[in-house]
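Undergrad: Sequence and predicted structure are below.
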Amino acid sequence: MADLVLAPSPPRSQLLQQLRPRLSSLVPGGQLLAVELLGEGSTIDFVALEPGGRVVLVFVGQAGQDLELVGRALAQRAWVEARLRDWLQLAPHLGVRPEAGSRALLVCPGFQDETRAAAEALGRDALALAQYRCVRNGAGVEALVEFVSGAAPASPDREPSAPVPTEPFRTGLSEADLGLTAAEKHEFE
């Protein structure tokens, strides 16, 4: 087996070709809808659809472009979400669910601290980060991708669990005031 050695990124068109088959690891069970879609004044590299009907916009950047991509991703999400009902009309068989909204995924060779902070502030279901590394494997160069630690979106198959209340009831009542049995309390958990 040949040793893997880090290599410089290939030209953008080749990089996109290499990343295209890797989308399945970034959007599990997803379906690729479009490549290089012209959006609001710029191009969205990939548009995919999660099994639950949420649209995923994928933006690929070079080193140092990550913070700029945050702004572009937010603008394109707004542009796409305004058109999801139209997309549903044009292609109802695809399974786009406008109420599921969209999320953006930035794929770059690295991320600045400001980019990570912006992604964290927006939430991983709005903006996820994945890193690519180009490696020489024998005679060819291959792009490998992985989510940045803690940046993977929640599974689209599961509903987020409800938060467990940590504060007293808003009414000021306590559990003792309610007089519930253990079995009755268990019903609310």
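TA: Received it, and whenever you're ready, just let me know what you need.
Undergrad: ranges for the strands of this protein?
TA: In the chain, the strands defined using DSSP state E lie at 4-6, 31-38, 43-49, 55-60, 102-108, 127-137, 140-147.
Undergrad: Tell me the helices and strands packed up against the lengthiest helix in the chain.
TA: The residue-count maximum for a helix in the chain (DSSP state H) belongs to helix 66-81. Other helices and strands packing on helix 66-81, by 3 or more C-beta pairs under 8 Å, 6 or more residues apart in numbering; DSSP states H and E, are strand 43-49, strand 55-60, strand 102-108, helix 113-122, strand 127-137. Where you see a C-beta, it was placed from the backbone N, CA and C, and this is true even at glycine.
Undergrad: Please repeat the previous calculation with a cut-off of 6 Å.
TA: strand 55-60, strand 102-108, helix 113-122 (3 or more C-beta pairs under 6 Å, 6 or more residues apart in numbering; DSSP states H and E).
Undergrad: who's in contact with the second one?
TA: When you say that, I think you mean strand 102-108. Strand 102-108 is contacted from outside by 55-61, 66, 69, 73, 77, 80-81, 125-130, 132, using C-beta atoms under 6 Å, 6 or more residues apart in numbering.
Undergrad: Direction included, what does that strand pair up with?
TA: With DSSP bridges as the test, strand 102-108 is paired with strand 55-60 (parallel), strand 127-137 (parallel).
Undergrad: Perfect, that will be all.
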